[in-house]
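**Student:** generate a structure from the sequence data that follows.
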Amino acid sequence: MLPSGSSGILLSDFDVLSTRNRQMSYYTSQKSKLLNDFDITASLMRECLVERYGQDFAETLSREVRREYEDLIPEVPFIEGMRARALNSFLLITAQEVAVYKAMKKHGRGPSEAWEICHEAIERRMERFSNVKRWLLKRLMYSRFFMRRVRRRAERKEQFKFGDFELRYLLGDGTKFDWGVDYVACGNYNFAKAQGAEEFAPYVCMSDIALSDSLGWGLIRTQTLADGCESCDFRFKRGSDTKISSKTPEVQTTIERIMKS
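**Tutor:** Numbers count the residues shown, from 1 in each chain. The predicted model follows:
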C-alpha cells in the first residue's frame with residue numbers, strides 16, 4: 001500500500017512526465033520541417049559566412065550548427081494553445097541561436113561573435129517577409145481589437161503564465177509608450193541556461209532588435225532577466241524607432257558596434 005499522500009505526488013510526477021513526453025514527441029514529429037526551415041536560413045547566410053570566415057570554416061560551421069540544432073530540437077519546450085504560437089516561435093529561434101553559440105564555442109569563438117551571426121541571419125530571414133505581411137503584423141500590434149485586449153488584461157492586473165513564460169500587461173499613456181509587457185519569467189532565458197549557454201542569454205534577448213526593426217514593433221526596452229534584472233520591460237510605441245539596450249557591458253558594446261555598421 002502507498003503511504004498517505006504519496007498517490008498525489010506520483011500523479012503529479014506522471015502529469016509532468018506526460019507533458020514533457022508530449023512536448024518531445026511534438027517537435028520530434030516536426031524535425032524534418034524544422035531542419036528544412038533551418039536550411040533555408042543557412043542558405044541565406046552562406047555568402048556572408050564565406051566572406052567572414054572563408055569557404056572551409058563556413059562549411060564546417062554550417063554543418064556543426066545544424067547538428068547542434070538537430071540535437072536540441074527534442075529539448076525545446078512546446079507550449080500548448082493558440083495564444084502561445086508566438087512564444088513557441090521565439091523558443092525555436094532561441095534554439096537555433098544556442099546551436100550557433102555551441103558550435104562557435106567549440107572553435108574558441110566568443111558569444112558576441114556568435115550573436116552577430118544570429119543577428120544577421122534574422123535580418124536576412126525577415127527580408128523574405130512580404131511588405132503585405134509586415135504591414136498586417138504591424139497593424140495588428142496597435143489595432144483597436146488588440147488594444148482592447150491589452151486594456152482588459154492590464155486592468156485585471158493579472159500575471160499570465162504560458163509554459164516557462166510569466167508576464168503582465170501594461171497600458172501606456174500614448175506618450176512614452178502605447179502598451180507594454182513585463183516578463184517576470186522567460187522561457188527563452190530558462191532554455192538557454194538549461195543548455196549551458198547562460199553567458200549567451202543576454203545576447204539572445206537582443207534578437208528583438210532585428211525583429212522590431214523589420215516588423216515595425218517600435219520596441220523600447222532597457223532591462224532583461226538575462227541582464228540580472230527583476231523583469232524584461234517590453235514597451236511598444238507606434239512609429240517609434242527600436243530602442244533596445246543591455247545592462248551587460250559587453251553586450252551593449254556589441255549592440256553599439258552593430259548599430260554603427
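
**Student:** what's whichever helix or strand residue 135 is part of packed up against?
**Tutor:** Element membership of residue 135, judged by DSSP states H and E, is helix 131-141. In terms of contacts (3 or more C-beta pairs under 8 Å, 6 or more residues apart in numbering; DSSP states H and E), helix 131-141 is packed against helix 208-215. Where C-beta positions appear, they are placed from N, C-alpha and C, glycine not excepted.

**Student:** what strands line up against the next helix or strand after the helix it packs on, and which way round?
**Tutor:** Downstream of helix 208-215, the first helix or strand assigned by DSSP H and E is strand 219-221. Note on strand 219-221: by DSSP bridges, its sheet partners are strand 232-236 (antiparallel), strand 243-244 (parallel).

**Student:** who are the neighbours in contact with residue 98?
**Tutor:** For residue 98, the contacting residues are 68, 72, 191-192, 195, 197, 200, 204, by C-beta atoms under 8 Å, 6 or more residues apart in numbering.

**Student:** where does it land on pLDDT?
**Tutor:** If you check residue 98, the pLDDT there is 98.

**Student:** show me which positions of the helix or strand harbouring it end up buried.
**Tutor:** In this assignment (DSSP H and E), residue 98 forms part of helix 85-106. Across helix 85-106, burial judged by 16 or more other C-beta atoms under 10 Å covers 87-88, 90-105.

**Student:** could you export that helix as PDB, CA atoms only?
**Tutor:** The C-alpha trace of helix 85-106 is given here as PDB (Å, rounded to 0.1, in the frame of the first residue of the first chain):
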ATOM      1  CA  ARG A  85       2.200  30.400 -31.000                       C
ATOM      2  CA  ALA A  86       4.500  33.500 -31.000                       C
ATOM      3  CA  LEU A  87       6.300  32.200 -27.800                       C
ATOM      4  CA  ASN A  88       6.900  28.800 -29.500                       C
ATOM      5  CA  SER A  89       8.300  30.600 -32.500                       C
ATOM      6  CA  PHE A  90      10.700  32.600 -30.200                       C
ATOM      7  CA  LEU A  91      11.800  29.400 -28.500                       C
ATOM      8  CA  LEU A  92      12.700  27.900 -31.800                       C
ATOM      9  CA  ILE A  93      14.700  31.000 -32.700                       C
ATOM     10  CA  THR A  94      16.500  30.700 -29.400                       C
ATOM     11  CA  ALA A  95      17.300  27.100 -30.100                       C
ATOM     12  CA  GLN A  96      18.900  28.000 -33.400                       C
ATOM     13  CA  GLU A  97      20.900  30.700 -31.700                       C
ATOM     14  CA  VAL A  98      22.100  28.500 -28.900                       C
ATOM     15  CA  ALA A  99      23.200  26.000 -31.600                       C
ATOM     16  CA  VAL A 100      25.300  28.700 -33.200                       C
ATOM     17  CA  TYR A 101      26.800  29.600 -29.800                       C
ATOM     18  CA  LYS A 102      27.600  26.000 -29.000                       C
ATOM     19  CA  ALA A 103      29.300  25.400 -32.400                       C
ATOM     20  CA  MET A 104      31.300  28.600 -32.200                       C
ATOM     21  CA  LYS A 105      32.400  27.900 -28.600                       C
ATOM     22  CA  LYS A 106      33.900  24.600 -29.700                       C
END
